[in-house]
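Peer 1: what shape does this take:
(one chain, ligands or ions: 2)
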Amino acid sequence: MSDQLSTPASGAGPVRPYDALLLLSFGGPEGPDDVVPFLENVTRGRGIPRERLKEVGQHYFGFGGVSPINAQNRELLDALRKDFADHGLDLPVYWGNRNWAPYLTDTLREMVQDGRRRIAVLATSAYASYSGCRQYRENLADALATLAEEGLELPRVDKLRHYFNHPGFVEPMIDGVVESLTALPEEVRAGAHLAFTTHSIPTAAADTSGPVEEHTTGGAGGAYVKQHLDVAQVIADEVAVRTGVAHPWQLVYQSRSGAPHVPWLEPDICDHLEALHGAGAPAVVMVPIGFVSDHMEVMYDLDTEATAKAAELGLPVARSATVGADPRFAEAVRELVLERAAVERGEPAERCWVGMLGASHDLCAVGCCPARAPRPAAAGVDSPYA
Ligand SMILES: CC1=C(CCC(=O)O)c2cc3nc(cc4[nH]c(cc5[nH]c(cc1n2)c(C)c5CCC(=O)O)c(CCC(=O)O)c4C)C(CCC(=O)O)=C3C
Ligand SMILES: [Fe+2]
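Peer 2: Numbers count the residues shown, from 1 in each chain. Ligands and ions are numbered 1, 2, ... in the order given. Coordinates of the predicted model:
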């Protein structure tokens, strides 16, 4: 590979000390035979009811057993490589997943064998939560443990900060909402509501999301909800500036799983559509701010299920785009790498953000997004690895 020839082992120029970027994602099935083993990987030890698993399996089978997430990650890889090349960054980009091939452990092994010693990690999850942050750090720790057992010299892995409020993540979504409003019939456009959606999680997980000082009680939602509300506000405000209309908005949830007696964040998007319709809303734009690409949770839960619900109600809806492989997102990733590289060199770092919360932390503190049963997690203050 040509990048191996041109990259000194220690990394060079503005990316120093990094010598590689790892795109860390969820993974998804690539055909019907993959669906059940994929779901087994996702739900191992998580207590998801069998009925729910059967149902989710049907979502995948309905699309030929193929999740769109892998193709979307390949597009993002291309966008990142192009952006880095266009800006003279000599930083090879790798890809590994939690739940499907290419598996994280295999990618990390390949990286070590390629001589990568200091790795920046971008997870395809923008917000704080156990599922979106610590679980990826646990996956990194598991992969490092495997490589250690194999006698390999371990690289250092640094997870890049949360980017929910990075302008390169938020601005493409603002454009998307404006476009979706334009796509609605003109007579309902001005009255349209914005339904910002994200993945529901157990309220107990939401309350303990983010650093300990941001934890809440009683279902208030912790950093997870606070960060989503911040992004929603920024988007709604900018859409109002651009369209001249202050569209009413609310943060709602989707893709609930788990046992029915366990409280998860509510309301669900489908119930919300029904309530809005009952209250006389003329149209709704669904804005999936919780997701980085139009993967199965978007394609099924919003574009199929919620859209069918709206049709049944006679409520016009549109669904706005996720950031995907937008060049502005690739640029944001470059900025995040350069920012963290400066921090690691002990130099001042320029941090971009929008909204009210400021740039998120580089290193997760002890107690950040705790697991129900504590396990080793890499790339945080409590990492057992350097
Ligand atoms: C916060 C969050 C994100 C957003 C942040 C991020 O992107 O990471 C996310 C993303 C995703 N979730 C995905 C798929 C699934 N998630 C499940 C289950 C769960 N998700 C949870 C949370 C999240 N999930 C939770 C608390 C559970 C319960 C079980 C557990 O505690 O782990 C299940 C099991 C069946 C079910 O119950 O739905 C599946 C199949 C896919 C791939 C889609 C594709 O294939 O295109 C993606 C990107
Ligand atoms: Fe999920």
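Peer 1: which parts of the stretch 1-150 of the chain are helices?
Peer 2: 2-6, 32-43, 50-61, 69-86, 104-113, 135-149 (DSSP state H, counting those that start in this stretch).
Peer 1: between the ones you listed, which gets nearest to Met299?
Peer 2: Across the helices of the stretch 1-150 of the chain, Met299 has its closest neighbour in helix 50-61 (8.5 Å, CB to CB). For every residue, glycine as well, the C-beta is placed using N, CA and C.
Peer 1: got a list of contacts for the closest one?
Peer 2: 28-29, 32, 35-36, 38-39, 43, 66-67, 257-258, 296, 300-301, 304 (CB atoms under 8 Å, 6 or more residues apart in numbering).
Peer 1: and Asp86, how many neighbours?
Peer 2: Asp86 has 12 neighbours, counted by other CB atoms under 10 Å.
Peer 1: can we start the residue count at 699 from this point?
Peer 2: Yep, numbering from 699; the last one is Asp784 now.
Peer 1: residues touching the nearest residue to Val740 once chain neighbours are set aside, list them.
Peer 2: Nearest residue to Val740, sequence neighbours excluded (CB to CB, 6 or more residues apart in numbering): Asn797, at 5.1 Å. When contacts are counted by CB under 8 Å, 6+ apart, Asn797 touches 724-726, 736, 739-740.
Peer 1: could you dump those residues to TSV with pLDDT, neighbour count and distance to ligand 1?
Peer 2: Below are the contacts of Asn797 laid out as TSV (pLDDT from 0 to 100; neighbours: other CB atoms under 10 Å; distance: CB to the nearest ligand atom, whole Å):
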residue	pLDDT	neighbour count	distance to ligand 1
Phe724	98	25	4
Gly725	98	25	8
Gly726	98	24	3
Phe736	96	22	7
Asn739	94	16	9
Val740	93	18	5
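Peer 1: quick one: which of those is nearest Ala1028?
Peer 2: For those, the residue nearest Ala1028 by CB to CB is Phe724; the value is 19.2 Å.
Peer 1: what about the closest one, distance to Trp793?
Peer 2: As defined by CB to CB, to the nearest Å, Phe724 lies at a distance of 12 Å from Trp793.
Peer 1: where does Glu753 land on pLDDT?
Peer 2: We have a pLDDT of 92 for Glu753.
Peer 1: er, Tyr758 I mean
Peer 2: pLDDT recorded at Tyr758 is 97.
Peer 1: distance of the residue nearest to Val740 relative to ligand 1?
Peer 2: Distance, Asn797 to ligand 1, by CB to the nearest ligand atom, to the nearest Å: 8 Å.
Peer 1: next one: Gly711
Peer 2: 31 Å.
Peer 1: which one is that residue nearest to, not counting chain neighbours?
Peer 2: Residue nearest to Gly711 in three dimensions, not counting chain neighbours: Asp788, with 6.7 Å by CB to CB, 6+ apart.
Peer 1: swap in Val943?
Peer 2: Nearest one to Val943, counting by CB to CB, 6+ apart, is Ala888 at 5.2 Å.
Peer 1: the nearest residue to Gly729 once chain neighbours are set aside: neighbouring residues, count only.
Peer 2: Leaving aside its chain neighbours, Gly729 sits nearest to Gly763 (4.9 Å; criterion: CB to CB, 6+ apart). Number of residues near Gly763 (other CB under 10 Å) recorded here: 18.
Peer 1: quick one: contacts for Gly763?
Peer 2: Per CB under 8 Å, 6+ apart, neighbours of Gly763: 727-733.
Peer 1: count of neighbours near Phe759?
Peer 2: 14.
Peer 1: what's near enough to touch Val997?
Peer 2: That one is not Val; residue 997 is Met. Residues near Met997 by CB under 8 Å, 6+ apart: 761, 766.
Peer 1: show me where the stretch 849-998 of the chain has helices.
Peer 2: Counting by DSSP H, counting those that start in this stretch, the stretch 849-998 of the chain has helices at residues 865-881, 884-887, 901-905, 920-941, 967-976, 994.
Peer 1: what's near enough to touch Pro909?
Peer 2: By CB under 8 Å, 6+ apart, the contact set of Pro909 is 921, 1059, 1062-1063, 1065-1066.
Peer 1: and the gap between it and Ala843?
Peer 2: Per CB to CB, Pro909 is found 25 Å from Ala843.
Peer 1: which element is Leu1034 on?
Peer 2: helix 1025-1043 (DSSP states H and E).
Peer 1: list of residues touching stretch 1037-1055?
Peer 2: Residues from elsewhere that reach stretch 1037-1055 (CB under 8 Å, 6+ apart): 712-716, 818, 856, 858-859, 863-866, 868, 924-925, 928-929, 931-932, 1030, 1033, 1057, 1060.
Peer 1: what about Gly884, how many residues close to it?
Peer 2: Just to correct that, residue 884 is Glu rather than Gly. Number of residues near Glu884 (other CB under 10 Å) recorded here: 7.
Peer 1: no further queries at this time; thank you.
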